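Participant: Next comes the sequence, and after it the predicted model I'd like to discuss.
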Amino acid sequence: MIKNGWLEQAQKRESPHADERPDPSDISVLVVHGISLPAGEFGGPYVDDLFMGTLNPNAHPDFAILDGLRVSAHCFIRRNGELIQYVPFHRRAWHAGRSNYCGRRRCNDFTIGIELEGTDTTPYTNEQYQCLAQVARQLIDHYPALTRHRIVGHEHIAPVRKTDPGPAFDWKRFKQLLNDNLTKKV
Ligand SMILES: [Zn+2]
């Protein structure tokens, strides 16, 4: 399950883009993201490169603006449901940017960030919904402050600036999957 902040079923790739949370006991919100590099292309190495700090800015014209950008997420779920974890959950990943959750700013401090490989308008895959629901369930069971009501999209905590995971993400479907077998009913 979750050991020392790492999901046992995930492929472990420790990103240098992380630091300490100001309050490691406050892990209380899950943020869902969508990402693809280049936009709309799936399966390549570039999202992984971005999170690991090894993205070659010359590999694609769109990557120039990403040069020097230091970002990460706790987890990345590929189109086939493959799960990769970059940052242990007790540490702070750099995924939210300028953000606001119910009046609280600097959401990286107290959130877990999960990236789905996709775009705002391409339906996410069944494998991704299954994997995300399974991971979310484990996180809710493991972290006392996190509940099923505290799951939001990047677009909700950084409106105007961010649009992911977008209208393609079916919240109702995800919540339904999550509620099946949820042990902690809060
Ligand atoms: Zn995002």
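Facilitator: Yes, it's here.
Participant: Please identify the helix or strand for F76.
Facilitator: Here F76 sits within strand 75-77, counting by DSSP states H and E.
Participant: Give me the helices and strands touching the next helix or strand after that strand, please.
Facilitator: The helix or strand immediately downstream of strand 75-77 is strand 83-85, counting by DSSP H and E. Applying 3 or more CB pairs under 8 Å, 6 or more residues apart in numbering; DSSP states H and E, one finds that strand 83-85 contacts strand 6-7, strand 11-12, strand 75-77. To be clear about C-beta, it is placed using only N, CA and C from the backbone, and glycine gets the same treatment.
Participant: what does the average pLDDT come to for the strand holding F76?
Facilitator: For strand 75-77, mean pLDDT rounds to 99.
Participant: Quick one: list the elements packing against that strand.
Facilitator: Against strand 75-77 (3+ CB pairs under 8 Å, 6+ apart) you get helix 46-52, strand 83-85, strand 111-117, helix 126-142.
Participant: coming back round to it: quickly compare the helices and strands packed on strand 83-85 and say which is most buried.
Facilitator: strand 75-77 (a mean of 25; mean count of other CB atoms under 10 Å).
Participant: hmm, who's touching that strand?
Facilitator: 7, 10, 35, 47-48, 51, 83-86, 112-117, 128, 131-132, 135 (CB atoms under 8 Å, 6 or more residues apart in numbering).
Participant: make it 7 Å
Facilitator: 10, 47, 51, 83-86, 114-117, 128, 131-132, 135 (CB atoms under 7 Å, 6 or more residues apart in numbering).
Participant: can you check stretch 170-184 too?
Facilitator: Y129, Q130, L132, A133, A136, R137, I140, D141, R148.
Participant: nearest to the ion, of those residues?
Facilitator: Closest approach between those and the ion, by CB to the ion: L132, at 14.1 Å.
Participant: what's the average pLDDT for the host helix or strand of R173?
Facilitator: Using DSSP H and E, R173 sits in helix 171-179. In this model, helix 171-179 has an average pLDDT of 96.
Participant: Only alpha carbons, please: show that helix as PDB.
Facilitator: What follows is helix 171-179 as a C-alpha-only set of coordinates in PDB (Å, rounded to 0.1, in the frame of the first residue of the first chain):
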ATOM      1  CA  TRP A 171     -16.100  13.900 -12.300                       C
ATOM      2  CA  LYS A 172     -19.300  11.900 -11.800                       C
ATOM      3  CA  ARG A 173     -17.700   8.700 -13.200                       C
ATOM      4  CA  PHE A 174     -14.600   9.200 -11.100                       C
ATOM      5  CA  LYS A 175     -16.600   9.800  -7.800                       C
ATOM      6  CA  GLN A 176     -18.700   6.800  -8.500                       C
ATOM      7  CA  LEU A 177     -15.600   4.600  -8.900                       C
ATOM      8  CA  LEU A 178     -14.100   6.100  -5.800                       C
ATOM      9  CA  ASN A 179     -17.200   5.600  -3.600                       C
END
